[in-house]
Each structure stands twice: as C-alpha cells, then as structure tokens.
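Chemist: Structure for the following, please:
(chains A, B, C and D)
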There are 2 protein chains.
Amino acid sequence: MTRFQRDGYHSVRIEDLAEDAEVSVGTVYNYYGTKGDLLMATVALEVEEVLAAGEAILLAPPAEPQEALLGLIWQYYDHSLEYLSKEMWRAAMALSIEEPHTPNGRRYADLDGRLADQVARLVARLQSRGRVAPDLDHRAMGELIFNTLNAMFIEFVKDDGMTLDTLKARVAAQIRPLARLMEAPA
Amino acid sequence: MTRFQRDGYHSVRIEDLAEDAEVSVGTVYNYYGTKGDLLMATVALEVEEVLAAGEAILLAPPAEPQEALLGLIWQYYDHSLEYLSKEMWRAAMALSIEEPHTPNGRRYADLDGRLADQVARLVARLQSRGRVAPDLDHRAMGELIFNTLNAMFIEFVKDDGMTLDTLKARVAAQIRPLARLMEAPA
DNA sequence: CTTCAAATCTGAGCCTATTCAACTCTTTCT
DNA sequence: AGAAAGAGTTGAATAGGCTCAGATTTGAAG
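Modeler: Below is the predicted model of the structure:
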C-alpha cells in the first residue's frame, strides 16, 4: 500500500514488492491472486472505515436535509485519500468496470452498494423526522444521490489537479437544489 | 470493430488484426497508436450518431418533461449496442478512467460532456416551454440526470445478463420522481 | 532422530501490448 | 538514369503480469 501510494500503482512491479518482502514473485502470488487484489484490499479498508463513520452520522444527523446529506458526503470525501492516491482509485475503478465478474469486481460493486444503501437510509431517516417529503421513494433518492456523488468523485480522481474543495463545491451545486426539491412542504 | 464484437476485445490480439489486414504488427501501430485507439474510434462513431439523433429530439421534444427526458435517454440506450458489445464498453470505460490524460481518455470525457450538455439543453428547452420550474439551474439538472443515466448504463454493461428493458425500468424509477419534482407548479 | 505428507516457496517461462532501428517503396530533382 | 528525401513497412526485442512444475520447509507421528 505504501509503495503504491509513493511510487504509483503502475510503476510498482510485483517484483519490486517481492524484493521488499524478501520473497519471490511466486510467493506474492501465493497470498494475493492478482495485482488488483492488493489494490482492492486497500480500497476495502478505506471504504469500511468510511461506512463506519457514516453510521455515526446516521445516528444523529443534522435536521436540515441539505446539511445532513452534505455532511455524510463530506465525510466520505475527506477520508478518501487516506490510504489511496488518485491513481490507485482510478486503477480500482477501472478494474471494477472491466472485470465485474471477478471477486475483485464484485467486491468493489458490493462496497458501492453499501454506500448507496447508507445514503438511502439517511434519506429515510430524514423522512421519518418529517423534513423530507414522505411520498418519495427513499431507495430511488438514495441511489440518485449516490450516483451523483460517485460520478463527481470519479471526475475528481480523473483530474489530478482538482482539489477536495472544488469537488465539494461541484457536488453541493447539484445536491443543494435537489435537497430543496426533496423537502417536505411546511 | 467486427472482430472485437465477434471474438471479444481482449481475445483479439493486434497480431490477429494484422493478419486479417495482411500487414505486420508494426503497420497496425502506424495507423493506431494503441489498441485502445481502435476501440475509441468505435465509441466515437457510436456516440456521434446518438448525439445527432438527440438533436432531432431537441427540435421537437414531447411536452411532458418525463416523456421528453426518457425519450432522449431511450434513444441513447437503444443505439448503444449497435457497434459495441458490453465488453467493448467496459474496456472503453475502464480506459477513460484509468488514463484520463491520454488523447483517448480526453476523447471519451469529451463525448460524455457533450451528452451531458445535450440533456441540459433539453431541460432548458422544457423550461422555456414553461413545463419545468424556471428557477432550476438547467446545467446542474442536466448533469444530475446525465450522471444517473450514465451510472445506470455502467451497471448495465457490467452485467452481461441485464436486458435493455431492465435498464430502462431502473432509470425510469429514478427519473420519474425527479421529473415530477422538476415540474413547474400549475 | 527419521519419515512423510502437507504447506510454502521459487524463478524460469509464457503471453501480449508496444517500441524502434533497419529496410523497402515512392516521389522528386538533377 | 541516378540519387536523395520522404513515406510506409517490418518483425525482433522489451516489459510486466501471471503460471506452474519442481524444490524446500514444516510439523506431526513413530
């Protein structure tokens, strides 16, 4: 993980890792089936932590729908570069799209699904508090919001120059009007 | 393009294409810089046609926002497997994420941007007709809608078993409530 | 201490995208 | 015709992920 972050996922060869660990290439493959497994292990670490932090927010979300949604999303974003560089994220995303049937592809999709579900549960929570229109399907809205925050995150990792602040501003520009539309009539 | 569709993008080696064309491997590379160039040429062909068809819809969209939006989206989807298999789409998407700085990555991003812009212009069109709330930012809504239809399309190409009808049903489930929220008050 | 099977480890070799220096063919100029 | 520049072609060589038939180590049993 450290070498991937420091030297770049693609630049680091399996042979390099084997040397670091003072074993042979074959032994690396004895523990991780593919180079992508090493990457996905890091992604899973990262997302699991973010999901746990998200649950804490779900317990006591801000009353305002907009603030609650953006709070959860900022949580995701602020943590996102802890273990993974943008290049690593790109590689992981590419992997999950190109090989959806492999264990790694499924694993990434599963993590995505759990994030989308968490957003949906936040929407449901806000509905139960009467701040979001009760006739909205919280699953559909959760998916819609997740799709948006995910798409913007993809744009973020695709652009090495983009800052977290820019990402947040862009997402806010899309989530704010949506949150307003979702609000229960007073 | 034909061989990629028939035998699979990954299974087809450059050497195979060279044999088909009765030239050497080096000559293939003289015309297309990478294997991805061959793929992206097909993606561009596909998307350009869909954009042109979309312009026709923009000229005279259905009055109902929901119908107008879904009509445009179905247009995109129905054309999507004309030249590209799901596997080819996956490879192209993976390429665009993993190598955003290469000409191919930029090219794909550009096509995506033009699709998003077309959706935004449809929203603006519906606003000028008074069927969509005028205070909504048509750019933000266009991007929001594009992000959704694109995310669902990615899910579609990731799952070889999913049919176009299932894709449409899922997108409709998200776009319908959104279209309702966007409607101008009567 | 010896034996043997299971668990680990090893690295040469395979595969395919990509590169590039040498070669051939075409066109232009004298 | 001869020559030189330019355009196009070639395929052997390179790189890095991954495989697999042995070789080595471990640990339980006698």
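
Chemist: Wondering if the helix or strand that contains residue A:94 reaches chain B at all.
Modeler: Assigned by DSSP states H and E, residue A:94 falls within helix A:86-98. Yes. Residues of helix A:86-98 contacting chain B under C-beta under 8 Å from any C-beta of the partner chain: A:90, A:91, A:93, A:94, A:95, A:97, A:98. In short, each C-beta sits where N, CA and C put it, glycine included.

Chemist: Tell me what angle that helix forms with helix B:86-98.
Modeler: Counting by axes from the mean of the first three to the mean of the last three C-alpha atoms, to 10 degrees, helix A:86-98 points 170 degrees away from the direction of helix B:86-98.

Chemist: who in chain A is up against chain B?
Modeler: Residues of chain A lying near chain B by C-beta under 8 Å from any C-beta: A:90-91, A:93-95, A:97-98, A:100, A:105, A:109, A:136-137, A:140-141, A:143-144, A:147-148, A:150-152, A:154, A:158-159, A:173-174, A:177-178, A:181-182.

Chemist: Report the buried members of the residues you listed.
Modeler: Buried subset of the residues of chain A next to chain B (neighbour count, 16 or more other C-beta atoms under 10 Å in any protein chain shown): A:90-91, A:93-95, A:97-98, A:100, A:105, A:109, A:136-137, A:140-141, A:143-144, A:147-148, A:150-152, A:154, A:158, A:174, A:177-178, A:181-182.

Chemist: what does chain A put close to DNA strand C?
Modeler: Counting by C-beta under 7 Å from any atom of the strand, chain A comes close to DNA strand C at A:23, A:24, A:25, A:26, A:27, A:29, A:30, A:31.

Chemist: just those now: which is nearest DNA strand C?
Modeler: Relative to DNA strand C, the closest of the residues of chain A next to DNA strand C is residue A:26; by C-beta to the nearest atom of the strand it sits at 2.1 Å.

Chemist: Tell me the helices and strands packed up against whatever helix or strand the closest one lives in.
Modeler: Taking DSSP H and E as the criterion, residue A:26 maps to helix A:25-31. Where contact means 3 or more C-beta pairs under 8 Å, 6 or more residues apart in numbering or on different chains; DSSP states H and E, helix A:25-31 is packed against helix A:14-20.

Chemist: can the helix it packs on be found next to DNA strand D?
Modeler: Yes. Helix A:14-20 reaches DNA strand D (C-beta under 7 Å from any atom of the strand) through A:14, A:15.

Chemist: Phi first, then psi, for residue A:131.
Modeler: Per-residue torsions, residue A:131: phi -100, psi -10 (degrees, to the nearest 10).

Chemist: Strands of chain A, start to end?
Modeler: Taking DSSP state E to define them, one finds no strands in chain A.

Chemist: can you give me the helices in it?
Modeler: Counting by DSSP state H, chain A has helices at residues A:2-7, A:14-20, A:25-31, A:35-59, A:65-79, A:86-98, A:103-128, A:138-158, A:164-182.

Chemist: Tell me which residues of the helix holding residue A:26 come out buried.
Modeler: Applying 16+ other C-beta under 10 Å to helix A:25-31 flags residue A:28 as buried.

Chemist: So it, near DNA strand D or not?
Modeler: Yes. Contact of helix A:25-31 with DNA strand D (C-beta under 7 Å from any atom of the strand) involves A:25, A:26, A:29.

Chemist: which one of these sits closest to chain B?
Modeler: Comparing the residues of helix A:25-31 next to DNA strand D against chain B with C-beta to the nearest C-beta places residue A:29 closest, at 20.6 Å.

Chemist: hang on, the earlier thing: can you lay out the residues of helix A:25-31 next to DNA strand D as CSV showing pLDDT?
Modeler: Formatted as CSV, those follow (pLDDT from 0 to 100):
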residue, pLDDT
A:25, 90
A:26, 87
A:29, 93
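
Chemist: which residues of chain A score low on pLDDT?
Modeler: Chain A contains residues with pLDDT under 70 at A:186.

Chemist: can you list the residues of it near DNA strand D?
Modeler: A:10, A:12, A:13, A:14, A:15, A:25, A:26, A:29, A:33, A:34, A:35, A:36.

Chemist: so what's the nearest residue to the second one once chain neighbours are set aside up against?
Modeler: Spelled out, it's residue A:12. Excluding the flanking residues, the one nearest residue A:12 by C-beta to C-beta, 6 or more residues apart in numbering or on different chains is residue A:3, at 5.0 Å. Residue A:3 sits next to A:12, A:16, A:17, A:20 when contact means C-beta atoms under 8 Å, 6 or more residues apart in numbering or on different chains.

Chemist: Distance of residue A:3 relative to DNA strand D?
Modeler: Look at residue A:3 and DNA strand D: by C-beta to the nearest atom of the strand, to the nearest Å, they are 11 Å apart.

Chemist: same deal with residue A:7?
Modeler: Noted for residue A:7: a distance of 11 Å to DNA strand D, by C-beta to the nearest atom of the strand.

Chemist: Could you export the helices of chain A as CSV, including distance to residue B:124?
Modeler: Formatted as CSV, the helices of chain A follow (distance: least, C-beta to C-beta, whole Å):
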stretch, distance to residue B:124
helix A:2-7, 43
helix A:14-20, 51
helix A:25-31, 54
helix A:35-59, 35
helix A:65-79, 24
helix A:86-98, 31
helix A:103-128, 28
helix A:138-158, 19
helix A:164-182, 15
